[in-house]
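S.K.: generate coordinates for the sequence data below:
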Amino acid sequence: MKSWRPSIYERDGWQCKMPVCLCPDGRAIDPGLRGTDSLWAPSLDHVVPRSADGSNSQGNLRAAHRRCNMADAAIS
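M.R.: Residues are numbered from 1 along each chain as shown. Take a look at the predicted model:
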């Protein structure tokens, strides 16, 4: 999955694709935050969760801020 990460971020235009983006600066994801502990660092979200038999395929992954992804997981 890691080798797909750059292409998914590029496909999604480095924009948070979560239905509700919590970032106060908007949907843009800063590539410079990769590998940091920032809440606004890039992460990948499963559209269909793994717990619901969602796959790791590129079509089931979308770009997200880490914080937005964590908030979605807490709701699900």
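S.K.: grab the most central residue of the protein for me.
M.R.: Geometric centre of the chain, nearest residue: residue 64, 2.4 Å, by Cα atoms, centre = their mean.
S.K.: and the helix or strand of the chain with the lowest mean pLDDT, what other elements does it pack with?
M.R.: Least confident element among the helices and strands of the chain, by mean pLDDT, DSSP states H and E: helix 66-75 (a mean of 85). The contact analysis (3 or more Cβ pairs under 8 Å, 6 or more residues apart in numbering; DSSP states H and E) places helix 66-75 against strand 42-46. C-beta coordinates here come from the backbone N, C-alpha and C atoms, glycine included.
S.K.: direction included, what does the strand it packs on pair against?
M.R.: Strand 42-46 pairs in its sheet with strand 61-65 (antiparallel), by DSSP bridges.
S.K.: what sits against residue 68?
M.R.: Residues counted as contacts of residue 68 (Cβ atoms under 8 Å, 6 or more residues apart in numbering) are 16, 18, 20-23, 45.
S.K.: can you tell me which of the residues you listed are buried?
M.R.: 16, 18, 21, 23, 45 (16 or more other Cβ atoms under 10 Å).
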